[in-house]
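Asks: sequence and predicted structure, then a few things I'm wondering about:
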Amino acid sequence: MEYKRWPPSTTFQRNMGLFQPTLPPLPKSLSFEGKTVLVTGANSGLGLAASYHFAQRKVTTLILAVRTVKSGEATKAALLADPIVSALPTKPTILVYELDLGRPSSVKSFASKILAHTPDLNIVLLNAGIGSLKFETSPEEPHNELHFQVNYLSNAFLSIRFLPLLRSTAQRCGSRSYISIVGSRMQTMSSFIKSPIPDTTSVFAFLNSPKDYNKFTRYGDSKLLVSTFIRELAQRTDASLVIMNAVCPGMVHTSINTKQPLLVRAITGVVFAIRARTAAVGAQSLINAVTAGPEIHGEQLGDYTVWENKFLETEEGKKMERRLWAETLAAVEKDAPGSVQNAGLE
Ligand SMILES: NC(=O)c1ccc[n+]([C@@H]2O[C@H](COP(=O)([O-])OP(=O)(O)OC[C@H]3O[C@@H](n4cnc5c(N)ncnc54)[C@H](OP(=O)(O)O)[C@@H]3O)[C@@H](O)[C@H]2O)c1
């Protein structure tokens, strides 16, 4: 699939027309035979739809990372019962692992289990995420604000922990590995663009402060952090071994808005009815993000388009990027000593 570059854009409107473009179908020849693929948030919405795409295209091992293992087992049974999957000569091995991105202990233990039991890892699709208006914090130390923890920090942690295995798998298999984190166009509405995080406070402290919490932009803020992190990580990673990016699937019918107040759900329900894609179609852009070439390394993708992030080219944006990177590495290193060096990031 060829990627076009989108002209610099910082406004919501420029990215969100009334009707979304039709996505071309995935190539018929696409196959994940021989590959081990990990999907977070695989029990519903885009993660579930992406899991069907992988399973139907002959993935060898599919790791479903889910909050509720019982539902994960039901997802596994449904995937194996799918008419296309059940007709395959070799059925995928599907493994279910518990992962709660809101609890650092769960994220740490999940990463350790995967690293201990998974000889090869070709694709990591970090899809799970939340969108809510409420200020909530993780139940565990250091009690980070929940969008920051779930959408950003846990994904950054997993990317760094899995990077050495993704690299060694690429070397062993002779084909590139991938990390893709599901981002969002809502990042173009991030509050940081108009009012950058002050230099006088740490980025993490700002994100955790209830008084600096903007409920209307925090979801987009957390997704801007994701593409900022990916840019930095990509600069330190050889794209001939591991390709990484953040990807927005467009507006997609899923349960992402179920935690919103009734009025918000009613409004988004109408908008979704007019313009949202099905999860199966939206997930095509996720599949594309973990199969395209090095032109998408370190990029923020929307559909099959690379966005140039104007904010990150400004002085303020660059400053935020540097500070976020340093604080992220320090946090990851604190939770998993040695992992920053193992990932070749020092
Ligand atoms: N739908 C859209 O229009 C749209 C647009 C742009 C980006 N996205 C992004 O797409 C991704 C998938 O969302 P979706 O639209 O498919 O919504 P969804 O149906 O609500 O799926 C979200 C998934 O994330 C999982 N999740 C939530 N909190 C978690 C946690 N603390 N630990 C582990 N897993 C957790 C959920 O698990 P449970 O099944 O246990 O709840 C669920 O499987 C998100 O990152 C979202 O921001 C969506």
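Replies: Done, it's in.
Asks: residue numbers of the stretch 151-300 of the chain in contact with the ligand?
Replies: Applying CB under 6 Å from any ligand atom, we find that the stretch 151-300 of the chain lies next to the ligand at 182, 184, 248-249, 251-252, 254-256. For glycine as for every other residue, the C-beta is placed from the backbone atoms N, C-alpha and C.
Asks: oh sorry, the question was meant for the stretch 1-150 of the chain
Replies: Contact residues, the stretch 1-150 of the chain versus the ligand (CB under 6 Å from any ligand atom): 41, 43-47, 67-68, 99-102, 127-131, 150.
Asks: just the buried residues from these, in ChimeraX please.
Replies: Paste this into ChimeraX to select the buried members of these, with burial taken from 16 or more other CB atoms under 10 Å:
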select :41,43,44,45,46,47,67,99,100,101,102,127,128,129,130,131,150
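Asks: let's verify the closest residue to the ligand within the stretch 51-200 of the chain: helix, strand, or coil?
Replies: The nearest approach of the stretch 51-200 of the chain to the ligand comes at residue 129, 2.3 Å away (CB to the nearest ligand atom). For residue 129, the assignment made with DSSP: H, G, I helix; E, B strand; the rest coil gives coil.
Asks: could you measure from it over to residue 182?
Replies: Distance of residue 129 to residue 182, computed by CB to CB, to the nearest Å: 6 Å.
Asks: before we move on, what about residue 342?
Replies: Where residue 182 is concerned, residue 342 sits at a distance of 25 Å (CB to CB).
Asks: for residue 158, same thing?
Replies: Relative to residue 182, residue 158 is positioned 13 Å away (CB to CB).
Asks: okay, these two: which has more neighbours?
Replies: residue 182 (28 against 25; other CB atoms under 10 Å).
Asks: show me what contacts the more buried one?
Replies: Residues near residue 182 by CB atoms under 8 Å, 6 or more residues apart in numbering: 46, 125-129, 246-249, 286.
Asks: sec struct for the residue nearest to residue 328 when sequence neighbours are not counted, please.
Replies: In space, residue 328 comes closest to residue 156 once its chain neighbours are excluded; the distance is 5.1 Å by CB to CB, 6 or more residues apart in numbering. Following three-state DSSP, residue 156 is assigned to helix.
Asks: residue 156 reaches residue 229, doesn't it?
Replies: Yes: the pair residue 156 and residue 229 qualifies as a contact (CB atoms under 8 Å) at a distance of 5.2 Å.
Asks: between those two, which contacts overlap?
Replies: Residues touching both residue 156 and residue 229 by CB under 8 Å, 6+ apart: residue 328.
Asks: residue 309 touches residue 226, doesn't it?
Replies: No: here residue 309 does not reach residue 226: they are 11.4 Å apart, not a contact under CB under 8 Å.
Asks: and for these two, which residues touch both?
Replies: residue 187.
Asks: ok, now which ones touch residue 280?
Replies: Counting by CB under 8 Å, 6+ apart, residue 280 makes contact with 49, 52-53.
Asks: can you rerun that using 10 Å?
Replies: 46, 48-50, 52-53, 252-253 (CB atoms under 10 Å, 6 or more residues apart in numbering).
Asks: for residue 197, same thing?
Replies: 191, 203-207, 212, 221, 316, 319-320, 323-324.
Asks: look up the closest residue to it, ignoring the ones flanking it.
Replies: residue 206 (4.7 Å).
Asks: pretty sure the one you found contacts residue 214?
Replies: No: Residue 206 lies out of contact with residue 214 (CB atoms under 10 Å); the separation is 11.1 Å.
Asks: need the overlap of contacts for those two.
Replies: 192, 221.
Asks: which residues of this structure fall in helices?
Replies: Per DSSP state H, the chain carries helices over the ranges 12-15, 45-56, 69-81, 83-86, 104-117, 146-147, 154-173, 191-194, 203-207, 218-235, 262-275, 279-289, 315-335, 339-342.
Asks: what does the fourth one rub up against?
Replies: Residues from elsewhere that reach helix 83-86, judged by CB under 10 Å, 6+ apart: 52, 54-59, 62, 78-80, 91-92, 94.
Asks: out of the residues you listed, which are buried?
Replies: Judged by 16+ other CB under 10 Å, buried ones among those: 52, 54-59, 62, 79, 92, 94.
Asks: now the residues you listed as CSV including distance to residue 25?
Replies: Output for the buried ones among the contacts of helix 83-86, formatted as CSV (distance: CB to CB, whole Å):
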residue, distance to residue 25
52, 14
54, 16
55, 17
56, 12
57, 12
58, 17
59, 18
62, 21
79, 20
92, 21
94, 24
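Asks: quick one, what contacts the residue nearest to residue 197?
Replies: Counting by CB under 10 Å, 6+ apart, residue 206 makes contact with 145, 148, 192, 196-198, 200, 212-213, 221, 320, 323.
Asks: which of those sits closest to residue 335?
Replies: residue 148 (14.8 Å; CB to CB).
Asks: and the residue nearest to residue 258 when sequence neighbours are not counted, how many residues sit next to it?
Replies: Excluding the flanking residues, the one nearest residue 258 by CB to CB, 6+ apart is residue 265, at 7.2 Å. Using other CB under 10 Å, residue 265 has 14 other residues around it.
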